[in-house]
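Asker: I'd like to go over a predicted model; first the sequence, then the structure.
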Amino acid sequence: MNVKSENGSLHIKGSKFMYAWMAVFTFGGIFASLFIISEGVSFESYYSLFYIAGGISLLPIFIYLTVWALPGFKPGKVLLTIILRENGVVKSKNRTVLIKDIRNIDLIRNPLNLINDIVIESFDGRKFKIRTYNLLDDLDYEIVVDTYIYPYLTKNAQEVWNRKVNLEKLQRIAKYERGQQNFD
């Protein structure tokens, strides 16, 4: 997780590991599909037709996923900005929501493009989606919300978040404890 503090606001960016993971998956999948097709076209194996069929069937899928993931590879891409104060806000590229208006916050995988979205539901029923381009890991998402957004949520929203988050898992895997409220 990459958190930059600037003028009282936190800029949440994807981790370098997740950038590398997405690059290997998307571009590696395209390269592997093209390689399998080229090996199949050489007809040096009894399985050449399977190579061609597999490569041709997987190539459009990897191209589709790569096209969806490309905006996340923009250098310096800020996934979301959190302004910390009593009337703090969570901002994305084109959406802003007050932290005190958040009723529910969740990380949901879009079934069409396999990209995780942070979905924020407000008390007036509006939903805000913040695309993460799979650059924010599930544990990093939980730590960001628990550390920077949770203290400013309403009591009802805090109860909802407490039912969702597994603090024992965060402590065991990420060595995170809720008492750590460092905003530097």
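Answerer: Yes, it's here.
Asker: Going by neighbour count, list what's buried in whichever helix in the chain runs longest.
Answerer: Criterion DSSP state H: the longest helix present in the chain is helix 16-41. Using 16 or more other CB atoms under 10 Å as the test for burial, helix 16-41 gives 18-19, 22, 25-26, 29-30, 33, 36-37, 39-40. Glycine gets a C-beta too; all of them are placed from N, C-alpha and C.
Asker: Between those residues, which sits nearest Lys100?
Answerer: Compare each of the buried residues of helix 16-41 with Lys100 using CB to CB and the shortest gap goes to Met18, at 29.9 Å.
Asker: Spit out the contact partners of the closest one.
Answerer: By CB atoms under 8 Å, 6 or more residues apart in numbering, the contact list for Met18 reads 134-137.
Asker: Distance check, it against Ile115.
Answerer: Met18 is 12 Å from Ile115, where distance means CB to CB, to the nearest Å.
Asker: Overlap of the contact sets of these two?
Answerer: Listed as contacting both Met18 and Ile115 by CB under 8 Å, 6+ apart are Asn134.
Asker: what's the distance between stretch 114-128 and the middle of its chain?
Answerer: Chain-centre distance of stretch 114-128: 13 Å, with CA atoms, centre = their mean, to the nearest Å.
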